[in-house]
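J.: model this:
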Amino acid sequence: MSEQDRLTAEDRWDELHHDLRRFVEQRAEHSGNHLVLPLDDLLASAIRAPDKAMTSPACASRADPTDT
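T.: I've put the predicted structure just below:
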């Protein structure tokens with residue numbers, strides 16, 4: 001988990017882990033030896049990263065070419 005170290009340093013990992021575990025326990029359905037996690041009504045929001053964050057080669061390939 002790439003963010004675990006940062007969130008641990010910010011003293012936020014345990015709360016996130018607890019909330020995520022509770023979310024899965026409440027919503028997951030057992031199907032044989034698998035868990036099915038329906039997310040049909042999950043809402044997500046995003047904000048645009050500052051332009052300087054899009055200058056790395058890894059980010060450049062994800063940039064929207066129609067966005068000016």
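
J.: CA atoms for contacts and neighbours, from now on please.
T.: OK.

J.: Which residues does the host helix or strand of residue 26 contact?
T.: Here residue 26 sits within helix 13-27, counting by DSSP states H and E. Under the criterion C-alpha atoms under 8 Å, 6 or more residues apart in numbering, residues 4, 7-8, 37-38 lie in contact with helix 13-27.

J.: Dihedrals phi and psi, residue 36?
T.: Phi and psi for residue 36, reported as degrees, to the nearest 10, are phi -110, psi 130.

J.: What are the boundaries of the strands in the chain?
T.: 29-31, 34-36 (DSSP state E).

J.: and the ones you listed as JSON lines, adding mean neighbour count?
T.: Formatted as JSON lines, the strands of the chain follow (neighbours: other C-alpha atoms under 10 Å):
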{"stretch": "strand 29-31", "mean neighbour count": "10"}
{"stretch": "strand 34-36", "mean neighbour count": "12"}
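
J.: Nearest to residue 45, out of the ones you listed?
T.: Of all the strands of the chain, it is strand 34-36 that lies closest to residue 45, at 23.0 Å by C-alpha to C-alpha.

J.: Can I get stretch 18-31 in CSV, CA atoms only?
T.: C-alpha atoms of stretch 18-31 as CSV (Å, rounded to 0.1, in the frame of the first residue of the first chain):
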residue,chain,number,x,y,z
HIS,A,18,-11.0,1.0,10.5
ASP,A,19,-13.5,3.0,8.3
LEU,A,20,-12.6,1.0,5.2
ARG,A,21,-12.9,-2.3,7.0
ARG,A,22,-16.3,-1.3,8.4
PHE,A,23,-17.5,-0.2,5.0
VAL,A,24,-16.5,-3.6,3.5
GLU,A,25,-18.1,-5.5,6.3
GLN,A,26,-21.4,-3.6,5.9
ARG,A,27,-21.6,-3.9,2.1
ALA,A,28,-19.8,-7.1,1.1
GLU,A,29,-21.8,-10.1,0.0
HIS,A,30,-20.2,-13.6,0.3
SER,A,31,-20.3,-15.6,-2.9
